[in-house]
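[1] Here's a sequence, model it:
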Amino acid sequence: MSRVRIAPSLLASDLARVADEVRSVAAAGADMLHFDVMDGHFVPNLTFGPGLCAAVRRITTLPLDVHLMVTNADELVEPFAAAGAGRIAVHVEADLHLHRTLTRIRALGVVPGVAINPATPVAALDEVWAFAGFFLVMSVNPGFGGQILIPEVLDKLGRMRAIRDRRAPGVELVVDGGVEAENAGTLRGLGADVLVAGTAVFGAADRAAAVARLRAEEGS
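    Numbering: from 1, shown residues only. Sure thing, here's the model as predicted:
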């Protein structure tokens with residue numbers, strides 16, 4: 001079983017001191033930084049844009065993982081790519097021309113991803129397994145941090161792993177929402193390659209210990 005990668009979500013950080021926060025999780029052993037981009041339309045919250053991504057790019061070498069929870073993803077793909085994003089996920093529920101968007105993201109030199117909400121059936125992804133570098137499985141309803149993982153999503157993750165292993169072995173599965181040390185091992189066992197963790201990392205006094213706890217549950 002390969003080593004799970006940890007992606008702390010900046011949504012849970014203290015944005016008044018974002019440089020210190022980024023350096024803290026980098027030193028703690030994070031593998032990438034996750035940006036929850038919300039527009040107040042697709043989800044009931046409004047967060048940050050390419051400007052913050054560009055600022056963070058200047059202070060860290062960690063890969064920047066952008067999750068577009070927006071209705072106008074096509075308009076934001078290029079600005080985030082230019083800001084230094086290495087990975088960009090768009091929602092299957094919001095993108096009317098998903099194949100075109102994924103192809104465009106890859107053409108910009110960025111790894112394309114598809115995010116799927118808890119209540120969206122896995123069948124919605126049937127036609128894009130060959131075009132994505134990763135799939136982001138929402139284990140909470142998007143829009144807010146600090147939620148509790150929806151247990152029914154565990155079955156979905158297992159089914160997606162079976163499809164991935166059969167149709168696209170190189171594609172990563174990312175889990176986002178309610179991730180904590182107590183469920184990290186279960187998620188990894190069901191196929192998660194990347195765990196997005198906000199409060200579990202940024203809410204900890206000792207970030208290195210928090211990242212280690214997420215990995216310590218691996219394989220349990």
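
[2] C-alpha from now on. contacts and neighbour counts both.
    OK.

[3] shouldn't residue 180 be in contact with residue 203?
    No: Residue 180 lies out of contact with residue 203 (CA atoms under 8 Å); the separation is 11.0 Å.

[4] buried set for stretch 122-134?
    For stretch 122-134, a neighbour-count test (16 or more other CA atoms under 10 Å) marks 122, 125, 129, 131, 132, 133, 134 as buried.

[5] Can you give me the first-to-last residue distance of that stretch?
    14 Å (CA to CA, to the nearest Å).

[6] residues making contact with that stretch?
    Outside stretch 122-134, the residues that touch it by CA atoms under 8 Å, 6 or more residues apart in numbering are 92, 98-99, 102-103, 111-114, 156, 160, 164, 167-168, 170-174.

[7] Please work out the average pLDDT along it.
    Stretch 122-134 shows a mean pLDDT of 97.

[8] can you give me the helices in the chain?
    Secondary structure of the chain (DSSP state H): helices located at 18-27, 50-57, 73-82, 98-107, 153-167, 181-189, 199-202, 207-216.

[9] any idea which of those is most buried?
    helix 199-202 (a mean of 24; mean count of other CA atoms under 10 Å).

[10] same for it, what does it pack against?
    helix 18-27, helix 207-216 (3 or more CA pairs under 8 Å, 6 or more residues apart in numbering; DSSP states H and E).

[11] So residue 180 and residue 203 - more neighbours on which side?
    residue 180 (23 against 15; other CA atoms under 10 Å).

[12] Can you check the pLDDT for the spatially closest residue to that one that is not a sequence neighbour?
    Excluding the flanking residues, the one nearest residue 180 by CA to CA, 6 or more residues apart in numbering is residue 200, at 5.5 Å. Per-residue pLDDT puts residue 200 at 96.

[13] quick one on the thing from earlier: so which of the helices and strands packed on helix 199-202 is nearest residue 107?
    Residue 107 lies closest to helix 18-27 among those, at 28.1 Å (CA to CA).

[14] And for the closest one, what's in contact with it?
    8, 13, 14, 15, 56, 59, 60, 62, 201, 202, 207, 208.

[15] before we move on, the earlier item: closest one to residue 50 among the helices and strands packed on helix 199-202?
    helix 18-27 (14.7 Å).

[16] Only the C-alpha atoms, please, for that closest one, written as PDB.
    Taking C-alpha atoms only, helix 18-27 is exported to PDB below (Å, rounded to 0.1, in the frame of the first residue of the first chain):
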ATOM      1  CA  VAL A  18      -1.000  32.900   5.900                       C
ATOM      2  CA  ALA A  19       2.700  32.900   5.300                       C
ATOM      3  CA  ASP A  20       3.400  31.500   8.700                       C
ATOM      4  CA  GLU A  21       0.600  29.000   8.400                       C
ATOM      5  CA  VAL A  22       1.900  27.700   5.000                       C
ATOM      6  CA  ARG A  23       5.500  27.400   6.300                       C
ATOM      7  CA  SER A  24       4.200  25.600   9.400                       C
ATOM      8  CA  VAL A  25       2.400  22.800   7.500                       C
ATOM      9  CA  ALA A  26       5.300  22.500   5.000                       C
ATOM     10  CA  ALA A  27       7.700  21.900   7.900                       C
END
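
[17] relative orientation of it and helix 50-57 in degrees?
    50 degrees (axes from the mean of the first three to the mean of the last three CA atoms, to 10 degrees).
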